[in-house]
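> model this:
(one chain, ligands or ions: 1)
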Amino acid sequence: AVPEAILELDAVVVGAGFGGIYMLHKLRNELGLDAVAIDRAGGVGGTWYWNKYPGALSDSESFVYQYSFDRDLYQDTPWDTKYVPQAQILSYLNGVVDRYSLRQHIQLETGMTEAEFDETTGMWTVGTDRGITFRSRFLVTGLGLLSATNLPKFAGMETFRGQLVHTGAWPEGLDLTGLRVGVIGNGSTGNQVITSTAPIAAHLTSFQRTPQYSVPAGNRKLTPAEFQSHRENFDANWAQVRSSSVAMGFEESTVPTFSVSPEEREEIYQRAWEEGGGFRFMFETFNDIATDPAANEEAAKFIRSKIAEIVKDPETRRLLTPTDLYARRPLCDSGFYETFNRPNVSLVNVKENPISHVTAEGIVTADGTLHELDVLICATGFDAVDGNYVKVDIRGRRGETLKEHWADGPTSYLGMATNGFPNMFMILGPNGPFTNLPPSIETQVEWIGETIRHVSASDTRWIDVNRETEITWTETCSDIAHQTLFPQAASWIFGANVPGKKRTVMFYLGGLKEYRSVLAEESLNDYPNFMTEEDALAPA
Ligand code: NA7
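Residues are numbered from 1 along each chain as shown. Predicted structure coming up:
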């Protein structure tokens, strides 16, 4: 047998997406630590490596969907459209990796298979599927919030003769031109796939379980003046992002829905509809759409009226029109509802007419219809937030696995630390902020970097968050979530999309500004909610 290579380091970063890349830069280039990153993918980029499906686009506006830690990097980024497509984001992240000389410190096609903390040595041992084992003092996980794919199980799926794909593991070079395409799912991903595939496919069938509210994205080229102003207003823009709630680069409304006249209300919705953006529609128009059922219904009614104007066939219109709360992650599109006016697009409501089974030729629905397909696309989402954490055997100091620790649902302090797993820091772990992600990722990476610097400079070898603190933070997240309407809608935000997954709160919905103030308090006060090794091992 080949002897296993064991590498000793200061830190291992797992994941080379938005979070892992910046973390590696921070640890190596700013803190001077010996660190590597590993990723199971064949390239860097995380989400943007895997999600190469047609139409993949970030629906956060480009001027805030990037790093802000280096002003020069920002000035050099050439994005000149309101939103950025997948290929450009991937190329940006590759550029960042090269710019900060990180590539030789990233080991690709290397998955973490297990990780174990040894209390006596104060070291993490990280096993991989490439025969290499790392031993390090710090373990930073950027495993991806939306990364572990959720593939539905239908009888006969293995007999399908066409190509079966999940959007989150899109095969390089799959061309859908002239094919009969089926799409299961119509969340953010399905919405994009359907809209961009319909014009090239011979036929597209959308298998829809729950209709969704979607508003136009309003994607367009930025004017030279806008492009210029994003660069000139770098400081002000990012200060605004960090002191906002959803970190999307706009001021969230402070105006209650019913404080204005019905005419004014209609005008405000209409302006937002014309400007575009899912988060803008939900949070920039009024301040109570996500909290007050009556306000929510007003906004929902407006969107329903638009669907009624757009969709021509009455039955298709009925199936596309949501009747429940407008309280999932807000969607936006580039002509989603219009797509269903096309003669080569059909819609199957799988709640009324469920998928019975899959054959070699395609999908058979309960009414006996065979929907013949060349390609079946599952835009069925992810085992979000903790999915990638519980798949791997991560063992903390009491020998407990993270999966066991989270048996009643994932918990953490700040979305970054969890009791019993010393010196392990998660980027976008459970109960972190629900925002446009790059600003939250930067916030967390900077805090983790500062914390690692603090521990490295101190006499203690490791720190571990207090159990009570973790419980309190989890309760705080739950309390805040229940002040909103979001928990009432079944979605991945609460783990409701994966069969058998426990429904729990998985985000801090208090906003980025508040979140940052909690973080600052923790580090400025020398980590009152963490135990040192000495505290933790002292007899009770
Ligand atoms: P989502 O938002 O979880 O959407 C998944 C979609 O797939 C949704 O329409 C589901 O219907 C549908 N789905 C899932 N399982 C099934 C089965 N078994 N049968 C039929 N339909 C099913 O995932 P996305 O990838 O679109 O987006 C996730 C996030 O990634 C997104 O919010 C962005 O932040 C990026 P349902 O609505 O549950 O009835």
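
> Give me the nearest residue to Val260, chain neighbours excluded.
Excluding the flanking residues, the one nearest Val260 by Cβ to Cβ, 6 or more residues apart in numbering is Ile268, at 7.2 Å. In short, each C-beta sits where N, CA and C put it, glycine included.

> Surely that neighbour forms part of a strand?
No - secondary structure assignment (DSSP: H, G, I helix; E, B strand; the rest coil) places Ile268 in helix, not in a strand.

> need the contact list for it.
260, 285-286 (Cβ atoms under 8 Å, 6 or more residues apart in numbering).

> most neighbours, which of those?
Counting neighbours by other Cβ atoms under 10 Å, Phe286 leads these with 28 neighbours.

> That one sits in which helix or strand?
For Phe286, there is no host helix or strand (DSSP states H and E).

> these two touch, right, it and Glu252?
No - at 9.8 Å, Phe286 does not count as touching Glu252 under the criterion of Cβ atoms under 8 Å.

> picking up where we left off before, name the nearest of the contacts of Ile268 relative to the ligand.
Checking the contacts of Ile268 against the ligand with Cβ to the nearest ligand atom, the nearest one is Thr285 at 20.0 Å.

> Pull up the residues of the stretch 151-300 of the chain that are close to the ligand.
152, 184-190, 209-210 (Cβ under 6 Å from any ligand atom).

> Then the chain?
By the rule Cβ under 6 Å from any ligand atom, the part of the chain lying against the ligand is 146, 152, 184-190, 209-210, 329, 350, 379-382, 492, 497.

> Return the members of these classed as buried.
Buried by 16 or more other Cβ atoms under 10 Å: 146, 184-190, 209-210, 329, 350, 379-382, 492, 497, out of these.

> Just the ones in helices from those residues, please.
188-190 (DSSP state H).

> Redo the residues you listed as JSON lines? Include pLDDT.
Listed next are these as JSON lines, based on pLDDT from 0 to 100:
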{"residue": "Ser188", "pLDDT": "97"}
{"residue": "Thr189", "pLDDT": "98"}
{"residue": "Gly190", "pLDDT": "98"}
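
> For Val2, give me the pLDDT.
Predicted confidence (pLDDT) for Val2: 52.

> from what I can see Val392 touches Glu116, true?
No - with contact taken as Cβ under 8 Å, Val392 and Glu116 are classed as non-touching, separated by 10.9 Å.

> And the helices in the stretch 1-150 of the chain?
18-25, 47-50, 71-76, 86-99 (DSSP state H, counting those that start in this stretch).

> show me where the stretch 351-500 of the chain has helices.
Counting by DSSP H, counting those that start in this stretch, the stretch 351-500 of the chain has helices at residues 387-390, 402-405, 437-457, 467-481.

> Next, the residues that contact the second one from outside, please.
Outside helix 402-405, the residues that touch it by Cβ under 8 Å, 6+ apart are 389-390, 393-396, 411, 418-421.

> re the thing from before, let me know the closest of the residues of the stretch 151-300 of the chain next to the ligand to Leu222.
Closest to Leu222 out of these is Ser188 (22.4 Å), distances taken as Cβ to Cβ.

> Apart from its chain neighbours, what residue comes closest to the closest one?
Nearest residue to Ser188 in three dimensions, chain neighbours excluded: Leu331, at 5.7 Å (Cβ to Cβ, 6+ apart).

> Equivalent analysis for Leu179, please.
Asp374 (4.1 Å).

> Return the distance of that neighbour relative to Ser136.
Distance, Asp374 to Ser136, by Cβ to Cβ, to the nearest Å: 47 Å.

> more crowded one of these two?
Applying other Cβ under 10 Å to Asp374 and Ser136 shows that Ser136 carries more neighbours, namely 23 against 18.

> Check what pLDDT the more buried one gets.
98.

> I'd say it and Val14 touch.
No - counting by Cβ under 8 Å, Ser136 stays clear of Val14, with 10.7 Å between them.

> Count the residues that sit near Ala299.
25.

> which residues touch it?
Contacts of Ala299 (Cβ under 8 Å, 6+ apart): 257, 269, 281-282, 285-286, 289, 326.

> Same check on Pro528?
So, once contact is read as Cβ under 8 Å, 6+ apart, Pro528 ends up touching Glu522.

> Would you mind identifying the next helix or strand past the helix or strand where Phe281 lies?
Element membership for Phe281, per DSSP H and E: helix 278-283. Of the helices and strands lying after helix 278-283 in sequence (DSSP H and E), the nearest is helix 293-310.

> re earlier: among the contacts of Ala299, which one lies nearest to Arg342?
Phe281 (24.6 Å).

> Quick check, the closest one in contact with Ala272.
Yes - with contact defined as Cβ under 8 Å, Phe281 reaches Ala272; the gap is 4.8 Å.

> quick one, strands of the stretch 51-200 of the chain?
106-107, 112-118, 123-128, 132-141, 163-166, 180-184 (DSSP state E, counting those that start in this stretch).

> hmm, back to that, got TSV for the ones in helices among the buried ones among the residues of the chain next to the ligand, with distance to Leu319 too?
Below are those laid out as TSV (distance: Cβ to Cβ, whole Å):
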residue	distance to Leu319
Ser188	19
Thr189	19
Gly190	14
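
> Can you tell me which of those lies closest to Ile427?
Taking Cβ to Cβ as the measure, Ile427 lies nearest Ser188 of those, at 20.9 Å.

> Can you name the residues in contact with the helix holding Phe281?
By Cβ under 8 Å, 6+ apart, the surrounding residues in contact with helix 278-283 are 59-60, 214-215, 217, 245-246, 248, 250, 252-253, 269, 272-273, 289-290, 299, 326, 329-332, 436.

> For ChimeraX, what selects the buried ones among those residues?
Remark: buried members of those, expressed as a ChimeraX selection using 16+ other Cβ under 10 Å:
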select :59,60,214,215,217,245,246,248,250,252,253,269,272,273,289,290,299,326,329,330,331,332,436
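
> Look up how far Trp273 lies from Arg317.
Arg317 is 18 Å from Trp273, by Cβ to Cβ.

> how about the nearest residue to Thr257 once chain neighbours are set aside, what does it touch?
Excluding the flanking residues, the one nearest Thr257 by Cβ to Cβ, 6+ apart is Ala295, at 3.7 Å. Ala295 makes contact with 256-258, 286, 288-289, according to Cβ under 8 Å, 6+ apart.

> same question, Thr125
Residues in contact with Thr125 (Cβ under 8 Å, 6+ apart) are 115-118, 133-135.

> Give me the below-cutoff pLDDT ranges for the stretch 1-150 of the chain.
In the predicted model, the stretch 1-150 of the chain carries pLDDT under 70 at residues 1-3.
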